[in-house]
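**Q** Whatever this is, show me its structure:
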Amino acid sequence: MPGAVDVRRADTRFHTDIGWLDSWHSFSFAEHRDPQNTHHGLLLVLNDDVVAPGTGFGTHPHRDMEIVTWVLDGAVAHRDSAGHEGVITRDVAQRMSAGSGIRHSEMNASGTEPVHLLQMWVPPDTNGLAPGYEQVDVTGDVKSDELFPLASGREPGAAIHIHQRDATLWIARLNAGATITVPDAPFVHVFVAYGAVDDLETGDAVRLTDAGARSYTAVEDAELVIWETHAELLT
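**A** Sure, this is the predicted structure:
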């Protein structure tokens, strides 16, 4: 039987606007709850955040979650209870493994400019691991019009490792007119970080379920953030 193709428009996402934070949530998050929209495959959170200068997320806890941050513009300062510190900018991949428990803060590193970032969560395949952190500059590694494995537990060439053997995060930066084919997997989530592909514009997403290796063509320069997962979160 043919698979499912579920298009989600940018303005249908949950929205949080509290002054210092303007956030669009692809799935149920915090006080935004919809039992029919909790995840896709293993992807539990995809938050599209703009954080005001000199502000950010104060110290808070996480447990048994793989958290990947991808900055679209600006810089984020990270600090956690395991002693890790780092500044994440454009083209720097970052992963925090919460494991058995960690506390961290994420602040806008600038006092004058906002930061725009994507924060994405998938559960680990093993609970109770030691907390961990990884930060890698991928400048020059992301090639135009190609899929790049940014974070994965299954792709040996991925920039950073996540403790989830059934998930890969791909990045694709497309020049206008270029076509990319997304992986053939049980669950694929395609998010348009900027630009436009086919009939999808900035902030739009498509959720593919057993839909095969579908192709997308850039109408204008674009960046796609693509999660390929081979299992489904049980809730």
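
**Q** drop to CA atoms for contacts and neighbour counts, all remaining ones
**A** Fine.

**Q** buried ones in the biggest strand by length in the chain?
**A** Criterion DSSP state E: the longest strand present in the chain is strand 215-229. Going by neighbour count (16 or more other CA atoms under 10 Å), the buried part of strand 215-229 is 216-229.

**Q** From T126, how far out is V51?
**A** The gap separating V51 from T126 is 32 Å, by CA to CA, to the nearest Å.

**Q** Compare the two and say which one has the larger neighbour count.
**A** More crowded of V51 and T126, by other CA atoms under 10 Å: V51, with 24 against 12.

**Q** measure the more buried one to G74 for me?
**A** Separation of V51 from G74 (CA to CA) stands at 10 Å.

**Q** which residues are common contacts for these two?
**A** Counting by CA atoms under 8 Å, 6 or more residues apart in numbering, the contacts common to V51 and G74 are 108, 114-116.

**Q** Can you select the buried ones among these for me in PyMOL?
**A** To isolate the buried ones among the shared contacts of V51 and G74 in PyMOL, judged by 16+ other CA under 10 Å, type:
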select buried, resi 108+114+115+116
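
**Q** Just put the shared contacts of V51 and G74 in a markdown table and tack on distance to A151 and secondary structure.
**A** Formatted as a markdown table, these follow (distance: CA to CA, whole Å; DSSP: H, G, I helix; E, B strand; the rest coil):
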| residue | distance to A151 | secondary structure |
| --- | --- | --- |
| N108 | 23 | strand |
| P114 | 25 | coil |
| V115 | 21 | strand |
| H116 | 19 | strand |
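
**Q** got the contact list for L169?
**A** Residues counted as contacts of L169 (CA under 8 Å, 6+ apart) are 149-152, 225-228.

**Q** swap that for V71, please
**A** Counting by CA under 8 Å, 6+ apart, V71 has contacts 88-92, 115-118.

**Q** from the residues you listed, which is closest to R63?
**A** Nearest to R63 among the contacts of V71: L118, at 19.5 Å, using CA to CA.

**Q** so what's G177 up against?
**A** Applying CA under 8 Å, 6+ apart to G177 gives the contacts 217-220.
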